[in-house]
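>>> whatever this is, show me its structure:
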Amino acid sequence: MPIPPPLNFQASALLALLLLLDGNMFSLPEPPSGPLEKIFQYIDLHQDEFVQTLREWVAVESDSIQPVPRLRQELLRMMTMAADRLQHLGASVQCVDLGSQELPGGQSLPIPPVILAELGTDPKKPTVCFYGHLDVQPAKREDGWHTDPYSLTEVDGKLYGRGATDNKGPVLAYIHAVSTFQALEQGLPVNLKFILEGMEEAGSVALEELIRREKERFFAGVNYIVISDNLWLSGRKPALTYGTRGNAYFLVEVKCRDQDFHSGTFGGILHEPMADLVALLGSLVNSSGHILIPGIYDSVAPLPEDEKATYEAIELDLEEYCSSSQVERFLFDTKEEILMHLWRYPSLSIHGIEGAFDEPGAKTVIPGRVVGKFSIRLVPHMNVSMVEKQVKQYLEDVFSKRKSSNRMTVSMVVGLPPWLANVNDPQYLAAKRAIRTVFGTDPDMIRDGSSIPIARTFQDILQKSVMMLPLGAVDDGEHSQNEKINRWNYIEGSKLFAAFFLEMAKLQSQ
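Model prediction:
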């Protein structure tokens, strides 16, 4: 793919203007006045410098998934770089050692430290804590990347690189907002704390224990927690996220014996584990996406009128959404139905089968043991333990009716509850005002159909207000090949955080 030179400031500003005018979705924001005018000017003038910093961070192969000593050293290097930058801002920084990660086979690898940083202790100001992660998913050029995933490459205003949007770009945007206040010798309007980890993609190893341990110390003075680790619903209109679905992940094993069978010798005279498993998996959900497990919808909250209006207000081009997803047709025909079934209703997905021979060629083997994998995305008011009980009872009933001589076991290996925020919390109101200032529009109020466990962890343990303030566009491709963040989102996101600080201070003084 030919790579054009990076955009200069004028070209980037023109791109931002075109994005704002695209489809008449936005009115142009009012020119900022007071402190914001100089802040926005500074960010615009220093955007190439900010992009260069992102380039340096993306160059670190901070992959937490592959248990390789070299990559774990890269993670340690990434955390050191972040700690150094926060210290340069004048923050007090603590790198908390979490010990080692024990892996199958007796291997042990160091867990990268969690950064706890503080900047400002004025009791008259609100204290906002920002959570982010600096580890990434694996990426290799031969997997289908157009460019080197660890060399940030700008093409048509898009900054391609692993971690650009998930989550190094948003973390840096927050840091750039802070550094801009300092460069202009403007006092920070809020007290800030940072918690940055390096194992989010691997399940945030040991983080929950640390949060519990620091509840009465580091988090004692925190009023609000901000997470910027998800995406907008569109490529142009900003969003605020106030809820995520949980996840109950199940394994269902059907076993006859440990060895496989020859289908010519045993076919037709035994209950085949694969046939039993296929019947079990096929009994879970119908062709309309409706989950067939009795009682699974009993706890789902009814749809109130004010929530229904929220879905109607969200701008979503179904034709564009379908095309960008490369899907011929969805299960539902209206925007409202699609959003509700992504966010407020549970869904069941079948993920795969272990023990099945999936190599190319005509195999004549009957697997002696197979394991099916499926998950249920949980919505508010659904109880993880109740769902586990309902699933196990249902599959036992279905299996018993087959009168199979095989053995079936069902286990829930992940049980993450959903998360829902109060959109009337002060930080949501401040974020809405900041978005209006920067982008000239009100945000889409959205939920996320996936699970982001850290939000619920903060909410349950700390009993603090948690908000998700995404910066990335819907097509950023987090976890995928050619992950990117738009230069416009990255730079305007830095302005957004700066405006958010000021709005939080205003609300505190009212």
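>>> the helices in the stretch 401-510 of the chain, which residues?
Counting by DSSP state H, counting those that start in this stretch, the stretch 401-510 of the chain has helices at residues 426-439, 453-462, 487-509.
>>> got the domain boundaries for the protein?
Split into domains by automatic domain parsing, the chain comes to 9-243+418-509, 246-300+345-416.
>>> point out the most buried one among these.
Greatest average neighbour count among the domains of the chain goes to domain 9-243+418-509 (a mean of 19), per mean count of other Cβ atoms under 10 Å. Bear in mind the C-beta positions are built from the backbone N, C-alpha and C, glycine included.
>>> and for residue 307, the neighbour number?
14 (other Cβ atoms under 10 Å).
>>> what's the distance between it and residue 137?
Residue 307 is 33 Å from residue 137, where distance means Cβ to Cβ, to the nearest Å.
>>> now residue 369, which residues is it bridged with?
Under the criterion DSSP bridges, residue 369 forms beta bridges with residue 255.
>>> coming back round to it: put together CSV for the helices of the stretch 401-510 of the chain, with distance to residue 49 and mean pLDDT on each row.
CSV is the format used below for the helices of the stretch 401-510 of the chain (distance: least, Cβ to Cβ, whole Å; pLDDT from 0 to 100):
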stretch, distance to residue 49, mean pLDDT
helix 426-439, 20, 97
helix 453-462, 30, 95
helix 487-509, 11, 96
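>>> helices of the stretch 1-150 of the chain, start to end?
Under DSSP H, counting those that start in this stretch, the stretch 1-150 of the chain gives helices at 9-21, 35-45, 47-58, 69-88.
>>> mean pLDDT for those - can I get that in a markdown table?
Compiled in a markdown table, the helices of the stretch 1-150 of the chain are given as follows (pLDDT from 0 to 100):
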| stretch | mean pLDDT |
| --- | --- |
| helix 9-21 | 44 |
| helix 35-45 | 96 |
| helix 47-58 | 98 |
| helix 69-88 | 97 |
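>>> for the ones you listed, which one sits closest to residue 432?
Between residue 432 and the helices of the stretch 1-150 of the chain, the tightest spacing by Cβ to Cβ is seen for helix 35-45, at 15.9 Å.
>>> distance between the ends of stretch 441-455?
26 Å (Cα to Cα, to the nearest Å).
>>> give the closest residue to residue 149 in space, chain neighbours not counted.
Leaving aside its chain neighbours, residue 149 sits nearest to residue 139 (3.7 Å; criterion: Cβ to Cβ, 6 or more residues apart in numbering).
>>> OK, contacts around that neighbour?
Residues in contact with residue 139 (Cβ atoms under 8 Å, 6 or more residues apart in numbering) are 63, 145, 149-150, 162, 481, 483.
>>> okay, it and residue 296: tell me how far apart.
Taking Cβ to Cβ, one finds residue 139 at 37 Å from residue 296.
>>> try residue 404
From residue 404 to residue 296 the distance is 24 Å (Cβ to Cβ).
>>> who does the nearest residue to residue 86 once chain neighbours are set aside bridge with?
Leaving aside its sequence neighbours, residue 86 sits nearest to residue 117 (Cβ to Cβ, 6+ apart; 4.5 Å). Residue 117 has these beta-bridge partners by DSSP bridges: residue 93, residue 194.
>>> does residue 117 touch residue 175 like I think?
No - in this structure residue 117 lies outside contact range of residue 175 using Cβ atoms under 8 Å: 10.1 Å.
>>> so what's the gap between stretch 126-143 and the chain middle?
9 Å (Cα atoms, centre = their mean, to the nearest Å).
>>> one step back: distance to residue 357 added to the helices of the stretch 401-510 of the chain, as JSON lines?
Output for these, formatted as JSON lines (distance: least, Cβ to Cβ, whole Å):
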{"stretch": "helix 426-439", "distance to residue 357": "51"}
{"stretch": "helix 453-462", "distance to residue 357": "34"}
{"stretch": "helix 487-509", "distance to residue 357": "45"}
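>>> for residue 339, which of the helices of the stretch 1-150 of the chain is the nearest?
Among those, helix 9-21 sits nearest to residue 339 (Cβ to Cβ), with 23.1 Å.
>>> that older thread, okay, the helices of the stretch 1-150 of the chain in CSV with distance to residue 241 next?
Formatted as CSV, these follow (distance: least, Cβ to Cβ, whole Å):
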stretch, distance to residue 241
helix 9-21, 21
helix 35-45, 24
helix 47-58, 22
helix 69-88, 24
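>>> which of those helices sits closest to residue 501?
helix 35-45 (9.6 Å).
>>> run through who's touching that closest one.
In contact with helix 35-45 (Cβ under 8 Å, 6+ apart) are residues 9, 13, 31-32, 50, 176, 180-181, 183-184, 186, 437, 491, 494-495, 498-499, 502.
>>> wait, isn't residue 159 in contact with residue 482?
No - Residue 159 lies out of contact with residue 482 (Cβ under 8 Å); the separation is 11.2 Å.
>>> start and end of stretch 57-69, how far apart?
19 Å.
>>> how close does the residue nearest to residue 149 get to residue 198?
For residue 139, the distance to residue 198 - Cβ to Cβ - is 16 Å.
>>> go on, residue 478?
17 Å.
>>> then residue 470?
Counting by Cβ to Cβ - residue 470 and residue 198 are separated by 21 Å.
>>> distance from the helix or strand hosting residue 241 to the middle of the chain?
Secondary structure from DSSP states H and E places residue 241 in strand 239-244. Distance of strand 239-244 from the chain centroid (Cα atoms, centre = their mean) equals 11 Å.
>>> hmm, who's touching it?
Residues outside strand 239-244 that contact it (Cβ under 8 Å, 6+ apart) are 230-233, 343, 380, 418-423, 428, 431-432, 435, 443-452, 455-456, 467-470.
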